[in-house]
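Colleague: Please work out how this folds:
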Amino acid sequence: MAITVTAPRTFFRTFAVMAQLWFAVPSGYVTVAFMFVLITFSFHNPAPLWLAASCGLGWVVAMFPFLLALQAWRVLRATKESGVPVFTFDEEGAACATGAVVTRLPWSGIHRIRFDARTCFVYVTPRAAWFFGRALLTKGQEAALSDFARRSNVKLEGRAPSESTSSEAL
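Modeller: Residues are numbered from 1 along each chain as shown. The predicted structure is shown next:
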């Protein structure tokens, strides 16, 4: 049995997913801390440390959401240019089709699958993931997807399919 999911994109859900992907690994936190330190020290020479740290914090608080918005906008622009992604899962692996481009991965090429309350993440690298709204899957499809992953020794994270309460799609 193959599972097919057409994943429409909206700006706010894509923005939220970008934030989740950034902070899914320690390097996301390290990058934000590095930005803070870099800006703090660039302001430190002409200003006292407390003021420089305030400027560094202000810059991170202002600019980091801007960077996430830019990433979300790029994802939406790519979706508009190439079409809404269509994900397919079967016993052999997973595929993502956007327009004429189809990326097919065997289950051994999938790092992990993570479910949160609203989103399913299929990690194709430790930091990069295909994503779609969890509500786009029926309970049976979610169970089948989890079963495909388990049989292929792909790490599953998040709430079990039977615990899903989300009804909102991306």
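
Colleague: give me the number of residues near the closest residue to residue 47 other than its chain neighbours?
Modeller: For residue 47, ignoring the flanking residues on the chain, the nearest one in space by C-beta to C-beta, 6 or more residues apart in numbering is residue 55 at 7.2 Å. Just so you know, the C-beta spots here come from the backbone N, C-alpha and C atoms, and that holds for glycine as well. Neighbours of residue 55 under the rule other C-beta atoms under 10 Å: 17.

Colleague: And the helix or strand hosting residue 55, what does it pack against?
Modeller: In this assignment (DSSP states H and E), residue 55 forms part of helix 49-82. Packing partners of helix 49-82 (3 or more C-beta pairs under 8 Å, 6 or more residues apart in numbering; DSSP states H and E): helix 11-22, helix 26-44, strand 93-98.

Colleague: For the helix or strand of the chain with the lowest mean pLDDT, output the C-alpha coordinates as CSV.
Modeller: Lowest on mean pLDDT, DSSP states H and E among the helices and strands of the chain sits helix 26-44, with a mean of 85. C-alpha atoms of helix 26-44 as CSV (Å, rounded to 0.1, in the frame of the first residue of the first chain):
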residue,chain,number,x,y,z
PRO,A,26,22.0,21.9,19.1
SER,A,27,23.7,23.7,16.2
GLY,A,28,20.7,26.0,15.9
TYR,A,29,21.1,27.2,19.4
VAL,A,30,24.9,27.6,18.9
THR,A,31,24.3,29.7,15.8
VAL,A,32,21.9,32.1,17.6
ALA,A,33,24.4,32.3,20.5
PHE,A,34,27.2,33.0,18.0
MET,A,35,25.2,35.8,16.4
PHE,A,36,24.6,37.3,19.9
VAL,A,37,28.3,37.2,20.8
LEU,A,38,29.4,38.6,17.4
ILE,A,39,27.0,41.6,17.6
THR,A,40,27.8,42.2,21.3
PHE,A,41,31.6,42.3,20.6
SER,A,42,31.2,44.5,17.6
PHE,A,43,29.3,47.1,19.8
HIS,A,44,31.6,46.6,22.8
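
Colleague: separation between residue 27 and residue 5?
Modeller: 28 Å (C-beta to C-beta, to the nearest Å).
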